[in-house]
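> How does the following fold in three dimensions:
(one chain, ligands or ions: 3)
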Amino acid sequence: MVPSDLSAQERAGRAFPVSWDQFHRDCRALTWRLNEVGPFAAVIAITRGGLVPAAIVARELGVRVIDTVCIASYDHDRQGELQVLKGVSEATKALGGGTGRGLLIVDDLVDTGATARLVREMLPDAHFATVYAKPKGRPLVDTFITEVSQDTWIFFPWDLALTFQPPMKDGAA
Ligand SMILES: O=P(O)(O)OC[C@H]1O[C@H](OP(=O)(O)OP(=O)(O)O)[C@H](O)[C@@H]1O
Ligand code: HPA
Ligand SMILES: [Mg+2]
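Ligands and ions are numbered 1, 2, ... in the order given. Modelled structure (predicted):
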């Protein structure tokens, strides 16, 4: 990533706010596709953004073994060094034959692809699914639902709150 004074969100021209309803619908649409690819022995959520879609997908697929890979990279919207805070457990690795075969990795989105690339190295044969994908990261994902342009910033419902909007005649978009 090229260092910049602008945050990723500031560089991104467009905003794509996602409501809980829409996110739930998109996760269910993702599961429809995954249902044709499975079965999966376990779901692995990339925290923290992957936790919510992983819960919905695992519920729909009837998978009860859930693990996490804990990675930090963005401080709100500024991308920094990737830090693996916790890897996959030995028990989950064993379920996937050591390479991730038959395991499903879930994240909320792929942007530059840095996070996905790192997790794919850990489990090269796992199936990698995200709800949203931007063009740079898209080749790293096996299944996703909606593609948005690279200059779009996705706002997830857990990061949003209802706020007053000024009327359009006063300059609101
Ligand atoms: O493709 P990339 O450029 O790597 O970006 C995608 C990652 O960035 C976000 O996570 P973040 O690091 O912000 O942590 P969070 O999930 O805890 O919000 C998002 O949830 C993805 O995991
Ligand atoms: O578009 C995004 N939205 C929220 N978090 C993110 N992390 C990387 N890209 C994004
Ligand atoms: Mg994340």
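
> list the buried ones in the top helix by length along the chain?
Secondary structure of the chain per DSSP state H: the longest helix is helix 20-35. Residues of helix 20-35 classed as buried: 23, 26, 27, 30, 31, 34 (neighbour count, 16 or more other Cβ atoms under 10 Å). Where C-beta positions appear, they are placed from N, C-alpha and C, glycine not excepted.

> Does it pack against any helices or strands, and if so which?
helix 51-61, strand 127-133 (3 or more Cβ pairs under 8 Å, 6 or more residues apart in numbering; DSSP states H and E).

> Which residues are in contact with the residue nearest to residue 33 when sequence neighbours are not counted?
If the residues on either side of it in the chain are set aside, residue 33 comes closest to residue 143, at 5.1 Å by Cβ to Cβ, 6 or more residues apart in numbering. Shown in contact with residue 143 (Cβ atoms under 8 Å, 6 or more residues apart in numbering): 30, 33, 34, 37, 127, 128, 129.

> Export the helices and strands packed on helix 20-35 as JSON lines, with columns for distance to residue 160.
Listed next are those as JSON lines, based on distance: least, Cβ to Cβ, whole Å:
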{"stretch": "helix 51-61", "distance to residue 160": "13"}
{"stretch": "strand 127-133", "distance to residue 160": "15"}
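
> Which two among the buried residues of helix 20-35 are spaced furthest apart?
23 and 34 (16.1 Å; Cβ to Cβ).

> Now do stretch 18-30: everything it contacts.
52-53, 56-57, 60, 129, 131-132, 143-146, 154-157.
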